[in-house]
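Asker: Turn this into a structure:
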Amino acid sequence: MARQSRTGGKTSAAETRKASPAEGRKSTKTKRRIQPTANRTKRLTISNLTKELREAREQQAATAEILKVIASSPNDVQPVFEAIAEHSKRLIDGLSTAVLRLRDDVLHLMAYTRTSVSADAALETFYPQPLSAFNWGEPIRKGEIVRVLDTEDDAAVPPAAKELARLRGWRSLLLVPLLRDQKTIGMISVTRVQPGSFPSHYVELLKTFADQAVIAISNVALFNEVQERTRELSQSLDDLRAAQDRLVQTEKLASLGQLTAGIAHEIKNPLNFVNNFSALSAELTDELNDTLKVAALTDKTREEVGDLTRLLKENLQKIVQHGRRADSIVKNMLLHSREGSGERRATDINALVEDSLNLAYHGVRAEKAGSIALTHDLDPDAGALDLYPQEMSRALLNLISNGFYAAAKRKVEAGDVAFEPVVSAATRNRGKTVEIRIRDNGIGIPQEVKEKMFNPFFTTKPTGEGTGLGLSMTHDIIVKQHGGRIDVETKPGEFTEFIITLPRPLVRSQE
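Answerer: Residues are numbered from 1 along each chain as shown. Next up, the predicted model:
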């Protein structure tokens, strides 16, 4: 009869039967077998997590290193490409990595990890290659990731690429495009010895590196654009300052030209009277001597009168001499104030320079100023400009004559018999402009003189040798009349070079 439980229910014989000793031992063994399996699983999970954490740290460190290279190389992508290639190979445990740029649909090798001398040479020889030469070219162009599982079994791989794979020792290939504004500008390739697909987390890592490569390329492009813009702005500022200086000088010369023209006209009339009457008075002294010849004078008186008339004649001759010089200055002042003279016409620049050189040279020989070498280097492409040839020739003569003077003066001051004074002229076609250079190996120009050399009436020549109008008129002719520019390069004691730049738009077609 079954017993009731303390709760009032019945307990079956099976329920009340105790477990036998054998059954107890079996249960214990089962538990012992389950426990080691759980421990192994736990250890494997911990090992995988540790590996993943280590890889994650390495990837973060590599990413930080590449970003650091990007920051330190704002104008050069090469160090970035090399860092990406090296880190890609190490983190993915690949055989080799390469970074390629796509320009005009052609792949160019930018960086790679080395394997062997012969294999590296084969890789460098293989590129550049057109993207269309590969069966995966179109997917890369579209920005898709490409996996080549086995180059030996893939019929779509070109023979040349298979040969390269054999030389470098890889079978599988992963290609990740570099995308900027949804356009492929290059790619990263990673190879492995064993065939098969790359794990997805390696693909994500390469995509991160590809993004960093694009950042570096964009930074360099932006840096170059900023640099170019800065250069353009700097050049524009220099041009503006030069134009401002020329405008100030032109306005100064224009105002002074008007003033000197008025003064010159006022001076010219009384100066003519001084010159004419002094010349006439010098002639009257001769008539006075002739008249006194018949006069009853003692010898002493006659001698005194002769001395006085002779001295008077010499004084009058000096008045005539300096009066003529003053008249020459007045004429130069009037020429300085004129807008232009003669006819404006198309003129061959080389012929004009050569004629000016010959005129200046013959002038020096006529004055017996010593021996001076004359050289020229004329560009046959200099061509013709529409200008006032007489005025431009006068400007060149002034510069060449000053060169002769400076070179000869250096020879005298140096006392060097072996020193040879040289004046040279050169022309150059500069596209939109024509350049004329007049150079001498003379005494040079000090900085304080250079700042004032184009001012009217400023001269460093001794009294009686210069009017101070030559360079001022030269500047006026080149800048004001012809819209050009005149610059000076000089080193005291060594040389002076005047650089005339005339704009090409002044050329007119000859009919």
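
Asker: distance of the most centrally placed residue in the chain from Met392?
Answerer: Nearest to the mean C-alpha position of the chain, by Cα atoms, centre = their mean, lies Arg231 at 7.6 Å. Using Cβ to Cβ, to the nearest Å, Arg231 is found at 33 Å from Met392. For the C-beta atoms, the positions are set from N, CA and C on the backbone; glycine is no exception.

Asker: and if you look at Gln317?
Answerer: For Gln317 relative to Met392 (Cβ to Cβ), the value is 37 Å.

Asker: And these two? Which one has more around it.
Answerer: Each of Gln317 and Met392 has its neighbours counted (other Cβ atoms under 10 Å); Met392 has more, 26 against 15.

Asker: which stretch of helix or strand covers that one?
Answerer: helix 389-414 (DSSP states H and E).

Asker: by contact count, what packs against that helix?
Answerer: strand 345-348, helix 349-366, strand 422-429, strand 433-440, helix 470-475, strand 495-503 (3 or more Cβ pairs under 8 Å, 6 or more residues apart in numbering; DSSP states H and E).

Asker: Which one, of the ones you listed, ends up nearest to Asp104?
Answerer: strand 422-429 (32.5 Å; Cβ to Cβ).

Asker: What is the neighbour count of Ser96?
Answerer: 22.

Asker: so what's the residue nearest to the centre of the chain scoring on pLDDT?
Answerer: The model reports Arg231 with a pLDDT of 87.

Asker: Starting from Asp238, give me the distance back to it.
Answerer: When Arg231 is compared with Asp238 (using Cβ to Cβ), they lie 10 Å apart.

Asker: Gly403 now?
Answerer: With Cβ to Cβ as the criterion, Gly403 and Asp238 are 27 Å apart.

Asker: higher neighbour count, these two?
Answerer: Gly403 (27 against 10).

Asker: Look up which residues are beta-bridged to the closest residue to that one other than its chain neighbours.
Answerer: In space, and not counting its chain neighbours, Gly403 is closest to Asp440: 3.4 Å by Cβ to Cβ, 6 or more residues apart in numbering. Asp440 has these beta-bridge partners by DSSP bridges: Val423, Thr496.

Asker: Isn't Met385 up against Arg504?
Answerer: You called it Met, but residue 385 is Leu. Yes. Judged on Cβ atoms under 8 Å, Leu385 makes contact with Arg504 at a distance of 7.5 Å.

Asker: Give the intersection of the neighbour lists for these two.
Answerer: Counting by Cβ atoms under 8 Å, 6 or more residues apart in numbering, the residues touching both Leu385 and Arg504 are Val434.

Asker: Compare the two (neighbour count), which wins?
Answerer: The neighbour count for Leu385 versus Arg504, taken as other Cβ under 10 Å, is higher for Leu385 (24 against 13).

Asker: What helices and strands are in contact with the longest helix belonging to the chain?
Answerer: Using DSSP state H to define each element, the chain has its longest helix at helix 200-292. For helix 200-292, the packing partners by 3+ Cβ pairs under 8 Å, 6+ apart come out as helix 21-72, helix 78-92, strand 172-180, strand 183-192, helix 299-336, helix 470-475.

Asker: Now the weakest link among those, please, by mean pLDDT.
Answerer: Minimum mean pLDDT among the helices and strands packed on helix 200-292: helix 21-72, a mean of 59.

Asker: Now do the buried residues in the helix holding Met392.
Answerer: Neighbour counts over helix 389-414 (16 or more other Cβ atoms under 10 Å) mark 389, 391-408, 410-411 as buried.

Asker: Leu374 belongs to a strand?
Answerer: Yes. The assignment for Leu374 (DSSP: H, G, I helix; E, B strand; the rest coil) places it in a strand.

Asker: who touches Ala165 in this structure?
Answerer: Ala165 neighbours (Cβ under 8 Å, 6+ apart): Thr151, Glu152, Val157, Arg171, Leu173, Thr191.

Asker: Distance check, it against Tyr202.
Answerer: With Cβ to Cβ as the criterion, Ala165 and Tyr202 are 19 Å apart.

Asker: How about Leu91?
Answerer: 8 Å.

Asker: do the same with Val193
Answerer: Between Val193 and Tyr202 the distance is 15 Å, computed by Cβ to Cβ.

Asker: Give me the more crowded residue out of these two.
Answerer: Just comparing Val193 and Tyr202: by other Cβ under 10 Å the higher neighbour count belongs to Tyr202, 21 against 13.
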